[in-house]
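Trainee: Starting from these lines, generate the structure:
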Amino acid sequence: MRTLPKMLAVLIGVLAVVFLCIQAYPKQQSTAGAFEVEEWRFLWDSSKVDSIEAPPERVLHSSDWVVMDQGMITPPRPADAVWAWVQIDIPKLDWPIPAVLIEKAYGREVVVYTEYRELLDSRRQYRYALNELLLPLRAEDAGGSIYIRMQVAEERAGIVQHIAFGSFYELLSVYLSQDMLDIMLGGAFTLIGLVMLICAVFLNRGYLKSWLSLSFVILSIGLLVVSYSPFLFTLYPDYGGILQRIFDMALFAVLPAFLYFFQAIFGNGYKNSILYLSRFQLGYSYFCLLLLVGNVFTDERYFSVYYFLTTTFIGILMIVELIMMLASSILYSLQRNKDALIFNAGLIIFAGIGIFELVSYYASREQYNLYWWKWGMVVFVISLIVVLGRRFVETHNQVLQYSRELEMFNNELQRAEKMEIISDLAASVAHEVRNPLQVTRGFLQLLGERSASSEKAYINMALDELDRASGIITDFLTFAKPGAESIKTLSIAEEFRHIEGVLTPLASIHHGQITLDIDPDLYVRGNSSKFKQAFINMIKNSIEAFQDEGKIIIKGCKENGEIVIRIQDNGVGMAPEELKRLGEPYFSNKTKGTGLGLMVTFRIIEAMQGTLKFDSKKGTGTEATVRFPEASE
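Mentor: Here you go, the predicted structure:
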């Protein structure tokens, strides 16, 4: 699973590169040297004649022509109107190969004329009304007019936008490049969505729900952007019907996938509102898919009903769902959910743009050209990928944390088992060994009194070793039974005054000093002799670690309801691998050390419900931190 964050990073990188390239790409090629048309004339026509060779006289000399410009909406359509006419005056043509570019012309069937000849006859067998026209002209056309006849089959029929006269090759560059942005953006989304679907094969089931839903969201958005652009319809008019079906199916898929992703990341929402909404949307998308099949098999006989249910109503439904998801996400944000904050940032941008464009689209009687929604999609999809990536990283970190905790618990279990074995062994053996040692020591003392002076040195060495063995046995017994019968409340300051009195001479012999800084009124529960034994062991270790002039600073204070005692020295210090082994039996940095003293110290502190932690660095010293539960006086 370590590859998941890397995979998401790659996807985000691809999106970022595509976005930067698109931003660097000019939104519209320069038409310098071209003549921009600022106004034209518009006319509704109720004629039932399908094919004509030239504009009829009733059209040429009609008094109903309406002057239009870029910002105007077409006049209300009469009930009997079948065609819409647009008249554009041709300026002086000073270019070697003149042409006219009409970037937007809405009509299912479009025929273009001059006064004496036909320039274009475009008839589509599918309901896609957006046309981009690039028409070559002749020098003798200057001073005349261009007449565009468009069939009235959709609401936006008759609209024309962005008309320019100029050099054919310059306008051709604009004609080919102006919709490449949509193809680049949609193609990038589609490719990423397909790659994510392929990657889903290698994921475990825990990630599959959110990954697949986001994959379908990105794939659907890519197909929507590509199939909405007029570029492919212009280059491949025979495949326009297929592109329309792709757009419809992508529209049906994006909403349930989006809701499913939201549900997978944030939950079912307030009172399961998102859950019910996603189920409704999934059912409605299946219903729309059945309507699509019916629309195809009935040859679009009931297209107006199909259009209302699958476009108009879905647009309204999209506004409602975006508002509901935004409200639910705000509730999660108030709970300081970082994923919800990132989601909100992307959703606010996308929802704001989407709602504005949808409202403008319906307010303008569907004459508004949707454009900015795709850029809102880019920001929103990036936020979705970031949210999913954060979720994967969070899950990955949780797995690592569980692994570390499991390893720590396993080590603690092994240590506890080891200590239990040592404790049982110590309890069973120590008493049996101590009695023979005491008898042996007594006889050696008697022999020493009667021996010659030359032999007393050997007897004293034997006594010292017996005393050392007795001390080891005492440590074993203390380890086996760290608790004592006489438990009472201990004053930390008073106990350390006794400890200081015992160890100050030893510190002086090693050219060091002990400094106490113990707050008053610090109390713990325990046995006084065991408490002193534990801290004498630690302080002795610090004294024996002195280099030149040693210093030991002992501090005691209260922190968060605990008594904290810190013993800091400036001795030789320890390496990390040595720190890990502290408290193990028979591990010691001293030449004659057994490691049992510190093992006993850990056991005594543990019996007093305390903890002991060492921090050290080679050459700078060591700090021991002991924490006890606070006791009342």
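Trainee: In the stretch 351-500 of the chain, what residue spans correspond to strands?
Mentor: 488-491 (DSSP state E, counting those that start in this stretch).
Trainee: And the residue nearest to residue 278 when sequence neighbours are not counted, how far from residue 253?
Mentor: Once flanking residues are discounted, residue 278 sits nearest to residue 259: 3.8 Å by Cβ to Cβ, 6 or more residues apart in numbering. Every residue, glycine included, has its C-beta placed from N, CA and C. Counting by Cβ to Cβ, to the nearest Å, the gap from residue 259 to residue 253 is 11 Å.
Trainee: These two: who's more crowded?
Mentor: Neighbour count, other Cβ atoms under 10 Å: between residue 259 and residue 253, residue 259 has more, with 24 against 20.
Trainee: Would you mind giving the domain segments of the chain?
Mentor: Here the domain assignment for the chain is 3-25+182-401, 35-177, 484-629, based on automatic domain parsing.
Trainee: Point out where the stretch 1-150 of the chain drops to low pLDDT.
Mentor: 1-33 (pLDDT under 70).
Trainee: Torsion angles phi and psi at residue 97?
Mentor: Backbone torsions for residue 97, taken as degrees, to the nearest 10, come to phi -120, psi 90.
Trainee: got a list of what it touches?
Mentor: Residue 97 makes contacts with 136, 167, 168, 169, as judged by Cβ atoms under 8 Å, 6 or more residues apart in numbering.
Trainee: let's see it at 10 Å
Mentor: 136, 137, 138, 139, 166, 167, 168, 169, 170, 171, 172 (Cβ atoms under 10 Å, 6 or more residues apart in numbering).
Trainee: what's the answer for residue 352, then?
Mentor: Residue 352 neighbours (Cβ under 10 Å, 6+ apart): 322, 326, 372, 376.
Trainee: Quick check, pLDDT for it.
Mentor: On pLDDT, residue 352 comes in at 75.
Trainee: From residue 379, how far off is it?
Mentor: Residue 352 sits 11 Å away from residue 379, going by Cβ to Cβ.
Trainee: Please pick the buried ones from the contacts of residue 97.
Mentor: Neighbour-count burial (16 or more other Cβ atoms under 10 Å) applied to the contacts of residue 97 gives 137, 166, 167, 168, 170, 171, 172.
Trainee: Need the nearest residue in space to the last one, chain neighbours excluded.
Mentor: Setting aside the residues directly before and after it, residue 172 is nearest to residue 134 in space (Cβ to Cβ, 6+ apart), at 6.3 Å.
Trainee: buried ones in the host helix or strand of the one you found?
Mentor: Assessed by DSSP states H and E, residue 134 sits inside strand 130-136. Residues 130, 131, 132, 133, 134, 135 are the ones in strand 130-136 that count as buried (16+ other Cβ under 10 Å).
Trainee: And the residues you listed, which is closest to residue 553?
Mentor: residue 130 (82.3 Å; Cβ to Cβ).
Trainee: neighbours of the residue nearest to that closest one when sequence neighbours are not counted, just the number please.
Mentor: Spatially, and ignoring its direct neighbours in sequence, residue 130 is nearest to residue 230 (4.6 Å; Cβ to Cβ, 6+ apart). Residue 230: 20 surrounding residues under other Cβ under 10 Å.
Trainee: quick one: residue 230 from residue 528, how far?
Mentor: Relative to residue 528, and taking Cβ to Cβ, residue 230 is found at 92 Å.
Trainee: just to revisit the earlier point, least confident of the domains of the chain, on average?
Mentor: domain 3-25+182-401 (a mean of 77).
Trainee: show me where the stretch 151-300 of the chain has strands.
Mentor: Taking DSSP E, counting those that start in this stretch as the criterion, the stretch 151-300 of the chain carries its strands at 160-167.
Trainee: Same list, the contacts of residue 97, but as a markdown table with distance to residue 60 please.
Mentor: Shown next, in a markdown table, are these (distance: Cβ to Cβ, whole Å):
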| residue | distance to residue 60 |
| --- | --- |
| 136 | 23 |
| 137 | 19 |
| 138 | 20 |
| 139 | 22 |
| 166 | 26 |
| 167 | 29 |
| 168 | 27 |
| 169 | 32 |
| 170 | 31 |
| 171 | 27 |
| 172 | 30 |
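Trainee: Determine which two of the residues you listed are furthest apart.
Mentor: Going by Cβ to Cβ, the pair spanning those furthest: 139 and 172, at 18.4 Å.
Trainee: list residues touching both of residue 259 and residue 253?
Mentor: In contact with both residue 259 and residue 253: 217, 282, using Cβ under 10 Å, 6+ apart.
Trainee: With adjacent residues omitted, what lies nearest to residue 597?
Mentor: Per Cβ to Cβ, 6+ apart, closest to residue 597 is residue 537, 4.3 Å.
Trainee: ok, that neighbour to residue 355 distance?
Mentor: 73 Å.
Trainee: Likewise for residue 187?
Mentor: 27 Å.
Trainee: middle-most residue in the protein, spatially?
Mentor: Residue closest to the average C-alpha location in the chain (Cα atoms, centre = their mean): residue 390, at 2.5 Å.
Trainee: Could you find the closest non-adjacent residue to that one?
Mentor: residue 339 (5.8 Å).
Trainee: and what of residue 132?
Mentor: In space, residue 132 is closest to residue 234, 5.0 Å off (Cβ to Cβ, 6+ apart).
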